[in-house]
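>>> Quick one: sequence plus predicted model below, questions after.
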Amino acid sequence: MAGPLAAAPTGEHVALFKSVSGSVTVVRNSGPVTATAGMPLYVADRLVSAADATAGIMFKDGTAVTLGPASEIELRDYVFEPKDARYQFDLYLSRGKAVYASGKIGKLSPESVKVGTPTATVGVRGTRFIVEAE
């Protein structure tokens, strides 16, 4: 688990773990927390899965992300305010694999969705894709 620790949760949660299989850890300033189904996630959380682990994550707008084994992803930014037409979705996959399936943000404002890796940033123009970082 390289890099600085994520900030402590502030404000409302942006997503929930729908499923967790194996050892998945959420890293925050307050320290690492073992992920469980139903646990909330916040902007700046970093998720780390063991070699035999996966996690299903559902965001407030219906975006679904599945974290693969031996993966690490950071929730860099998330805004879903349809009344004000404000949208932002920014994930960073530093290693491993993840599957992304668009929710309302990807449909209403695809230019607001970014999924980054150490070598590229994916702009969303479809509704589902797999991203891998080595």
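Cool, the structure landed.
>>> The host helix or strand of residue 47 packs against which elements?
According to DSSP states H and E, residue 47 maps onto strand 46-49. Using 3 or more Cβ pairs under 8 Å, 6 or more residues apart in numbering; DSSP states H and E as the contact test, the elements touching strand 46-49 are strand 24-28, strand 54-59, strand 72-81. For every residue, glycine as well, the C-beta is placed using N, CA and C.
>>> Among those, which comes closest to residue 119?
Ranking the helices and strands packed on strand 46-49 by proximity to residue 119 (Cβ to Cβ) places strand 72-81 first, at 14.9 Å.
>>> Convert the closest one to CSV, retaining C-alpha atoms only.
Extracted in CSV, the C-alpha atoms of strand 72-81 (Å, rounded to 0.1, in the frame of the first residue of the first chain):
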residue,chain,number,x,y,z
GLU,A,72,-5.8,-0.7,-5.5
ILE,A,73,-8.2,2.2,-6.4
GLU,A,74,-8.6,5.7,-5.0
LEU,A,75,-11.9,7.6,-5.1
ARG,A,76,-10.5,11.0,-6.1
ASP,A,77,-13.7,13.0,-6.7
TYR,A,78,-17.4,12.5,-6.8
VAL,A,79,-20.2,15.0,-7.3
PHE,A,80,-23.8,14.1,-8.1
GLU,A,81,-26.0,17.1,-7.9
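>>> So what touches that strand?
Under the criterion Cβ atoms under 8 Å, 6 or more residues apart in numbering, residues 1, 6, 14-15, 41-49, 59-61, 65, 67, 86-96, 98, 104-105, 116 lie in contact with strand 72-81.
>>> same thing but 6 Å
Under the contact criterion Cβ atoms under 6 Å, 6 or more residues apart in numbering, strand 72-81 has outside partners 14, 43, 45-48, 60-61, 67, 86-95, 98.
>>> got the buried residues for it?
For strand 72-81, the buried set under the neighbour-count rule, 16 or more other Cβ atoms under 10 Å, comprises 72-76, 78-80.
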